[in-house]
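>>> can't give you the sequence, but here's the structure:
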């Protein structure tokens, strides 16, 4: 099966209200061409799963600046004061997730598992509102799966990974793997020579 698609074709699968997962670490290796198209087409009201919010106006920071994100799952937002302002004002909901835990929650979603047990966060604010279990005398938090969905689905639909490859550099993010890939034929921008954006077909 030919997995190559153009950016316009990929964009037909991205709609407002979706939960979308975007690869990248800070501003490095983000799918900027796809993000630019999302901004241009007015995609908004999304739930965004990503390691961080980059910096203002670059990579996922473009979606933050446009106030296109209603809820954010990320490990770090400190380099983007615009993200911090939206969080503090209540305009954007955020769940800060330790990066290793985020990777495992994504893996669980891709594998169809019910969650993962981790000691990370025990005794901190991370454990608030979460189920705690004791296994062999050690406490763990139950972390639930984290994955993209369409706005109308109650479970995962046909999830794809839209990817752009021009070289094979290091995998910079916990989000750079999980689902099968569709290779984009568009010419990448400066920070998207190798980039993943996980999204789903409606």
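Now that the structure is in, tell me what you want to look at. These numbers were taken from a predicted model, which means no experiment stands behind them.

>>> now for the closest residue to residue 91 other than its chain neighbours, how many residues are close by?
Counting by Cβ to Cβ, 6 or more residues apart in numbering, residue 91 lies nearest to residue 67, which is 6.6 Å off, once chain neighbours are set aside. C-beta here means a position set from N, CA and C on the backbone, and glycine is covered the same way. Neighbour count for residue 67, taken as other Cβ atoms under 10 Å: 13.

>>> one more: residue 119?
Residues lying near residue 119 (other Cβ under 10 Å) number 11.

>>> please list all residues in contact with it.
Counting by Cβ atoms under 8 Å, 6 or more residues apart in numbering, residue 119 makes contact with 138, 139, 140, 141.

>>> pretty sure residue 57 contacts residue 65?
Yes. The pair residue 57 / residue 65 is scored as a contact, 5.6 Å apart, by Cβ atoms under 8 Å.

>>> comparing these two, which shows the higher neighbour count?
More neighbours surround residue 65 than the other of residue 57 and residue 65, with 18 against 13 (other Cβ under 10 Å).

>>> tell me where this protein has strands.
Ranges of strands in the chain, per DSSP state E, are 19-22, 46-49, 69-74, 93-96, 116-118, 132-135, 138-143, 159-165, 181-183, 194-200.

>>> could you list the domains of this protein?
With domains defined by automatic domain parsing, the chain comprises 7-97+146-200, 99-145.

>>> highest mean neighbour count out of those?
When you average the neighbours per residue for each of the domains of the chain (mean count of other Cβ atoms under 10 Å), domain 7-97+146-200 leads with a mean of 19.

>>> quick one: mean pLDDT over it.
The pLDDT scores in domain 7-97+146-200 average 72.
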